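Undergrad: sequence and predicted structure below; questions after.
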Amino acid sequence: TQLLEQSPQFLSIQEGENLTVYCNSSSVFSSLQWYRQEPGEGPVLLVTVVTGGEVKKLKRLTFQFGDARKDSSLHITAAQPGDTGLYLCASGGGADGLTFGKGTHLIIQP
Amino acid sequence: DTGVSQDPRHKITKRGQNVTFRCDPISEHNRLYWYRQTLGQGPEFLTYFQNEAQLEKSRLLSDRFSAERPKGSFSTLEIQRTEQGDSAMYLCASSLGGTASRWYGYTFGSGTRLTVV
């Protein structure tokens, strides 16, 4: 089972600031998914990245997949309080299920 | 279809009691998964069904845990003789089969929060 390391574990910033969170593995990802989870709810898929070097944008969120497909980052521009949540990266699937990292707890203060 | 439904949302039980949780997946999804999530951690994979067949159950935490999906639709997760360490959020997810799950990901329910006292 692939181990996913996410950093930082916790991040608290002011509204309007930019931030980047990371997901790393010692082995190659076949594909990588980013989810966002709010307290008391299940994770919600944000994006899937498949190709090394790929960049995907979702409004103020920019997702990058490393050239070697061993790392990924999520950059948020001009963070808003509504961005508060647990950001999870995940890989794998099928009979082995998705493997999740421990997540980055993000708090955006007004 | 309103997504993946889980029932109950919250369950408080005394140690030693049995509990059962239900999951209703998205009707078009043939794959169903159960996960456990403890505080401060990411979800941990427990078991997987494709239609009514349970294709992976070795990751269930102990023989006190069992899951069924009798007609390939809804699923139940049962924990027998609950222990305080079983307190967690239990999440159900469903997905399309094959490479579609890679692109469209899993759709998770809101989970069942179990507290064992």
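TA: Okay, I see it.
Undergrad: hmm, the strand ranked longest in chain A in reach of chain B?
TA: For chain A, the longest strand by residue count, based on DSSP state E, is strand A:85-92. Yes. For strand A:85-92, a contact with chain B is found by CB under 8 Å from any CB of the partner chain, at A:Leu88, A:Ala90. (Each C-beta comes from the backbone N, C-alpha and C, glycine too.)
Undergrad: chain A versus B:Glu78, what's the distance?
TA: 19 Å (CB to the nearest CB, to the nearest Å).
Undergrad: got it, and B:Tyr35?
TA: Plainly put, B:Tyr35 is 8 Å away from chain A if you go by CB to the nearest CB.
Undergrad: quick one: contacts for that residue?
TA: With contacts taken as CB atoms under 8 Å, 6 or more residues apart in numbering or on different chains, B:Tyr35 has the following neighbours: A:Gly97, B:Pro43, B:Glu44, B:Phe45, B:Leu46, B:Tyr90, B:Leu91, B:Cys92, B:Ala93, B:Phe108.
Undergrad: give me the element it is part of.
TA: strand B:31-37 (DSSP states H and E).
Undergrad: now the angle from that strand to strand A:85-92?
TA: If you take axes from the mean of the first three to the mean of the last three CA atoms, to 10 degrees, strand B:31-37 sits at 130 degrees to strand A:85-92.
Undergrad: give the buried residues for strand B:31-37.
TA: B:Arg31, B:Leu32, B:Tyr33, B:Trp34, B:Tyr35, B:Arg36, B:Gln37 (16 or more other CB atoms under 10 Å in any protein chain shown).
Undergrad: now stretch B:56-75
TA: For stretch B:56-75, burial by neighbour count (16+ other CB under 10 Å) applies to B:Glu56, B:Arg59, B:Leu60, B:Phe65, B:Ala67, B:Arg69, B:Phe74, B:Ser75.
Undergrad: by contact count, what packs against the longest strand of chain A?
TA: If contacts are counted by 3 or more CB pairs under 8 Å, 6 or more residues apart in numbering or on different chains; DSSP states H and E, strand A:85-92 sits against strand A:5-7, strand A:32-37, strand A:98-100, strand A:104-109.
Undergrad: quick one: contacts of the third one?
TA: If you take CB under 8 Å, 6+ apart as the criterion, strand A:98-100 is touched by A:1-4, A:33, A:35, A:43, A:88-92, B:33, B:42-45, B:106.
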